[in-house]
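Colleague: got a predicted structure plus its sequence, pasted below:
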Amino acid sequence: MRYEGTIYRPPGEWKSYLLQVTVGCSHNQCTFCGMYKDKRFHIRPLSDIFEDIALAKEYYGRMGRSVKRVFLCDGDAIIMPTEQLLSILAKLYETFPELERVTAYAGPRSTLVKTPEELRQLREAGLYRVYLGVETGDDQLLHAIKKGVDAKEMLEAGVRLREAGLDLWVMVLLGIAGPGEPSRRHIAATVEMMNAMKPRHLSALTYLPEPNTELGEQVERGEFQLITGREALLETRGLVAGLTVDPLHFTCDHASNYLPLKGSLPEEREKMLAAIDQALGDEALLRSEYGRAL
């Protein structure tokens, strides 16, 4: 397998064969994100991608292992022309007979470029799950962190992916608004958007400043204030209490989170709220700042 630059994948894709179809992120302007800064975005030639698939077949065959899952790197495989993606999906399922699913990150802007029919074609061709970094439902905050879309467009992107039949996994960021009223507005707007978007999975991570990023530099200069562990718990509680999506697989167990939580909503809502309330009463239950270092 051949890769350009640092490779990133969602935590749940640790068993997947990572196939790099694009290099970097088509947007790559988010103020909080330190990923893909070592790359200039481009789409890899199909010939190179097909060569990598052949190399992977040889490698996994030599290891006596079957390929059941593939994740399409880098940050936004959906930006590729639909016909190219369809060709890649066909080649993967032809090459690996035991392949069960192909997954990818999806950027909101690149999703909106595709028609609903194109997205359905990708699902029917075997693209099973997409990961969408929403971060927040707050229109003002989306503009501040330079996501490249407003709240209406972000919602539309998520709805299009879900309605195409894709298994939609959304990520949001606790603490991305800072403390106080911006925090409350962020969570209220995010709950509203998620209840309208209706993803199947929702992961809440907690913002940690990355070096050499716009927001990280604001933190260093004292222009942006990080939330405390208690404030992160209150944001998490607002999410868990307000989400009405049914069913929803909810995770808040990333290394960045102060209190690991994972469960199904609405069935385990009260259990999770009780765990949050217990931690609010005893902050010794929270991960230390050292323990949250990535």
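Modeller: Structure's in. What do you need?
Colleague: now the strands for the chain?
Modeller: With DSSP state E, the ranges of strands along the chain come out as 17-20, 22-23, 42-43, 69-73, 101-106, 127-135, 167-174, 201-206, 248-251, 262-265.
Colleague: output stretch 30-44 as CSV, restricted to C-alpha atoms.
Modeller: Only the C-alpha atoms of stretch 30-44 are listed here, as CSV (Å, rounded to 0.1, in the frame of the first residue of the first chain):
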residue,chain,number,x,y,z
CYS,A,30,-11.5,25.0,9.3
THR,A,31,-9.9,27.1,12.1
PHE,A,32,-9.8,24.2,14.6
CYS,A,33,-8.4,21.4,12.4
GLY,A,34,-4.8,20.5,12.2
MET,A,35,-5.2,17.5,9.8
TYR,A,36,-3.9,17.5,6.2
LYS,A,37,-1.8,20.6,6.7
ASP,A,38,1.1,18.7,5.2
LYS,A,39,-0.7,18.1,1.9
ARG,A,40,-2.0,19.9,-1.1
PHE,A,41,-5.4,18.5,-2.1
HIS,A,42,-5.7,16.5,-5.2
ILE,A,43,-7.6,13.5,-6.6
ARG,A,44,-5.4,10.5,-7.3
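Colleague: tell me which residues in it are buried?
Modeller: Residues of stretch 30-44 classed as buried by neighbour count (16 or more other CB atoms under 10 Å): Cys30, Thr31, Phe32, Cys33, Gly34, Met35, Tyr36, Lys39, Phe41, Arg44. No exception for glycine: its C-beta is placed from N, CA and C like everyone else's.
Colleague: thinking the fifth one is in contact with Thr213, fair?
Modeller: Yes - here Gly34 reaches Thr213: they are 5.0 Å apart, a contact under CB atoms under 8 Å.
Colleague: what segments of the stretch 101-250 of the chain are helices?
Modeller: Remark: helices assigned in the stretch 101-250 of the chain by DSSP state H, counting those that start in this stretch are 108-113, 116-124, 139-144, 151-163, 181-197, 214-220, 229-242.
Colleague: out of the ones you listed, which is closest to Leu92?
Modeller: helix 116-124 (12.5 Å; CB to CB).
Colleague: if we can go back for a sec, could the strands of the chain be laid out in JSON lines, adding mean pLDDT and distance to Lys146?
Modeller: Below are the strands of the chain laid out as JSON lines (pLDDT from 0 to 100; distance: least, CB to CB, whole Å):
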{"stretch": "strand 17-20", "mean pLDDT": "97", "distance to Lys146": "25"}
{"stretch": "strand 22-23", "mean pLDDT": "96", "distance to Lys146": "20"}
{"stretch": "strand 42-43", "mean pLDDT": "96", "distance to Lys146": "21"}
{"stretch": "strand 69-73", "mean pLDDT": "98", "distance to Lys146": "22"}
{"stretch": "strand 101-106", "mean pLDDT": "97", "distance to Lys146": "17"}
{"stretch": "strand 127-135", "mean pLDDT": "98", "distance to Lys146": "11"}
{"stretch": "strand 167-174", "mean pLDDT": "98", "distance to Lys146": "13"}
{"stretch": "strand 201-206", "mean pLDDT": "98", "distance to Lys146": "18"}
{"stretch": "strand 248-251", "mean pLDDT": "98", "distance to Lys146": "26"}
{"stretch": "strand 262-265", "mean pLDDT": "98", "distance to Lys146": "30"}
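Colleague: of those strands, give the one that comes closest to Leu226.
Modeller: For the strands of the chain, the distance to Leu226 is smallest for strand 201-206, at 9.3 Å, taking CB to CB.
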